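Q: Give me the fold of what follows.
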Amino acid sequence: MTAYIHPKDIEKAREALWKEHQGSSAVRASLFNLVIYTKNNERQDYFQKIAKGVIRKFPCRIIMITESEDSKEGYLKTFVSDLRPDDNSNSLFCDMINFEVSGDYRNRIPFVVTPNLLADLPVYFLSGGDPCKQDPVSIELKDLATRTVYDSETSESMNDFAKSLLELYNNGCYDIGDLNWARLAPWRGLFVHTFNDPEKLKCLRESKDIRITYNVTPTKQFCHTKIGATYFQAWIATKLKWNYENMLGTKEELCFKYTSSIGPVTITLIPGKYDQVTPGRLLKFESFSWKNEHLLLEKSKQNPQKITIHHATPTHCEMPAYYLLDKEIAGKSMIHEIYSRGTRGSFIEILKLISKYNSGSICS
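A: As a prediction, this is how the structure comes out:
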């Protein structure tokens with residue numbers, strides 16, 4: 001049973017926890033502060049996994065704030081625990097200060113969080129709320145942070161999400177990120193590897209029809225499965241300087257219309273199902289050019305890390321090439337955001353493009 005304490009007794013609880021580990025090989029370490037703010041729902045466990053994944057690479061002090069929206073009674077409950085990496089290591093543990101809050105007590109959160117941040121160390125804030133809703137507590141926590149990372153999975157409209165992040169950026173918040181954008185790093189690396197070849201890059205530039213298949217199978221933690229594929233096609237369009245025309249589609253299949261220097265380009269997001277892959281992850285990329293060239297990058301059914309690359313022209317067909325994606329680990333996207341400094345111009349350009357899309361179509 002959880003032993004709740006008064007916020008003023010957090011330091012005493014930490015010292016008691018340290019004494020429990022004395023005599024063992026465990027070491028307490030912190031390179032920075034990680035503040036996580038989430039709702040009391042299915043994604044709470046997901047954020048716990050992210051925290052465990054982060055401390056495997058970067059030990060840190062974790063402050064976890066969980067808000068209950070269902071409780072009619074207002075409260076602020078506090079307890080201290082230790083968190084170990086998810087690799088069963090016994091040599092390291094990190095402080096985890098937990099706040100459970102409801103009702104008007106949520107306004108006290110910034111006042112109990114601030115004194116428990118380790119001084120002179122960076123503060124990374126992972127917000128589990130929708131920035132479109134302008135939550136005052138989330139805004140105050142953002143102001144304490146070195147870098148703020150959002151999770152677009154929580155947003156009800158990708159269009160409004162992009163506009164909110166652009167507004168933050170234009171108002172001077174230059175260190176922002178999104179977990180769904182970071183999760184695309186392996187596929188962006190694959191593209192850099194593949195299109196380093198001038199012939200393949202030319203084929204991509206001359207595309208008339210692109211089809212991106214994503215894993216549509218939802219879970220309680222991931223239900224907006226089109227977000228990653230939407231980011232990816234927007235990244236391609238901005239990098240190749242295609243002009244956006246319009247979008248249309250159904251609940252699961254979306255079609256984006258662009259114009260390149262050669263002619264019209266259609267990018268279609270197609271739902272697929274692959275139980276071994278996390279919902280929303282990319283499964284296949286296929287391009288058809290105006291000169292009848294065909295390019296295919298497809299995830300293996302036997303090994304989800306393995307990508308097969310096919311390239312064919314009207315006159316020849318290359319032997320398949322292979323590429324290995326990094327193994328997906330909970331927390332890896334957050335680690336990627338911790339590595340990052342500032343907000344890359346390419347991400348801002350993508351947000352500007354997404355802000356033009358039809359509101360509600362992507363997160364429906």
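
Q: Point to the residue nearest the middle of the protein.
A: Geometric centre of the chain, nearest residue: residue 179, 1.2 Å, by CA atoms, centre = their mean.

Q: Let me see the contact set for that one.
A: Taking CB atoms under 8 Å, 6 or more residues apart in numbering, we find residue 179 in contact with 126, 149-153, 333-334, 337. Every residue, glycine included, has its C-beta placed from N, CA and C.

Q: which among these gets closest to residue 233?
A: Proximity of the contacts of residue 179 to residue 233 (CB to CB) peaks at residue 152, which lies at 15.0 Å.

Q: Can you report how many residues neighbour the closest one?
A: By other CB atoms under 10 Å, the residues close to residue 152 number 24.

Q: OK, contacts around it?
A: 158, 161, 178-181, 224, 227.

Q: at 6 Å instead, please
A: 161, 178, 180, 227 (CB atoms under 6 Å, 6 or more residues apart in numbering).

Q: I'd say the last one and residue 181 touch.
A: No - taking CB atoms under 6 Å as the contact criterion, residue 227 and residue 181 are not neighbours in contact, 9.1 Å apart.

Q: can you list the domains in this structure?
A: 7-145, 185-354 (automatic domain parsing).

Q: Closest one to residue 199 out of the contacts of residue 179, please.
A: Closest to residue 199, out of all of those and judged by CB to CB, is residue 333, at 32.3 Å.

Q: Skip the chain neighbours and tell me the closest residue to residue 208.
A: Excluding the flanking residues, the one nearest residue 208 by CB to CB, 6 or more residues apart in numbering is residue 290, at 5.0 Å.

Q: pretty sure residue 47 is in a helix, no?
A: Yes - counting by DSSP: H, G, I helix; E, B strand; the rest coil, one finds residue 47 located in a helix.

Q: Report how many residues lie close to it.
A: If we define neighbours as other CB under 10 Å, then residue 47 has 23 of them.

Q: Surely it touches residue 36?
A: Yes - using CB under 6 Å, residue 47 is in contact with residue 36, at 5.2 Å.

Q: Whichever strand or helix holds residue 322: partners in the sheet, and parallel or antiparallel?
A: Using DSSP states H and E, residue 322 falls within strand 321-324. In the sheet, strand 321-324 lines up against strand 306-312 (antiparallel) (DSSP bridges).

Q: And the strand it pairs with, what's buried?
A: Buried residues in strand 306-312, counted by 16 or more other CB atoms under 10 Å: 307, 309, 311.

Q: hey, which helix or strand in the chain has the poorest pLDDT?
A: When the helices and strands of the chain are scored by mean pLDDT, DSSP states H and E, helix 332-339 comes last with a mean of 76.

Q: And the helix or strand following that helix, what's buried?
A: Downstream of helix 332-339, the next assigned helix or strand under DSSP H and E is helix 345-354. By neighbour count on 16+ other CB under 10 Å, the buried set for helix 345-354 is 347-351, 353-354.

Q: ok, the residues you listed vs residue 93, which is closest?
A: Nearest to residue 93 among the buried residues of helix 345-354, with distances taken as CB to CB, is residue 347, at 34.2 Å.

Q: Pull up the gap between the closest one and residue 149, please.
A: Relative to residue 149, residue 347 is positioned 12 Å away (CB to CB, to the nearest Å).

Q: and residue 291, what helix or strand is that in?
A: Counting by DSSP H and E, residue 291 is found in no helix or strand.

Q: Apart from its chain neighbours, what residue comes closest to it?
A: residue 206 (6.1 Å).

Q: Over to residue 56?
A: residue 85 (4.2 Å).

Q: was I right about that neighbour contacting residue 55?
A: Yes - using CB under 6 Å, residue 85 is in contact with residue 55, at 5.4 Å.

Q: which one of these two has more residues nearby?
A: Of the pair residue 85 and residue 55, residue 55 is the one with more neighbours under other CB under 10 Å, namely 26 against 19.

Q: Using neighbour counts, pick out the buried residues of the strand or helix carrying the more buried one.
A: According to DSSP H and E, residue 55 maps onto helix 43-57. Neighbour-count burial for helix 43-57 flags 43-44, 46-48, 50-57 (criterion: 16+ other CB under 10 Å).

Q: contacting residues around residue 111?
A: Taking CB under 6 Å, 6+ apart, one finds nothing in contact with residue 111.

Q: and it, what are its phi and psi?
A: Main-chain dihedrals, residue 111, degrees, to the nearest 10: phi -80, psi -30.

Q: circling back: would you format the buried residues of helix 43-57 as CSV with pLDDT and distance to residue 71 included?
A: Listed next are those as CSV, based on pLDDT from 0 to 100; distance: CB to CB, whole Å:
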residue, pLDDT, distance to residue 71
43, 73, 18
44, 78, 14
46, 84, 21
47, 86, 19
48, 85, 20
50, 87, 24
51, 88, 23
52, 86, 27
53, 85, 29
54, 88, 29
55, 87, 30
56, 84, 33
57, 84, 35
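
Q: re the thing from before, ok, and for the least confident helix or strand of the chain, which residues are buried?
A: Neighbour-count burial for helix 332-339 [16+ other CB under 10 Å]: 332-338.

Q: and the angle from that helix to helix 43-57?
A: Angle between the axes of helix 332-339 and helix 43-57 is 60 degrees (criterion: axes from the mean of the first three to the mean of the last three CA atoms, to 10 degrees).

Q: ok, now which ones touch the residue sitting furthest away from the middle of the chain?
A: Residue farthest from the centre of the chain, counting by CA atoms, centre = their mean, is residue 315 at 41.4 Å. Residues counted as contacts of residue 315 (CB under 6 Å, 6+ apart): none.
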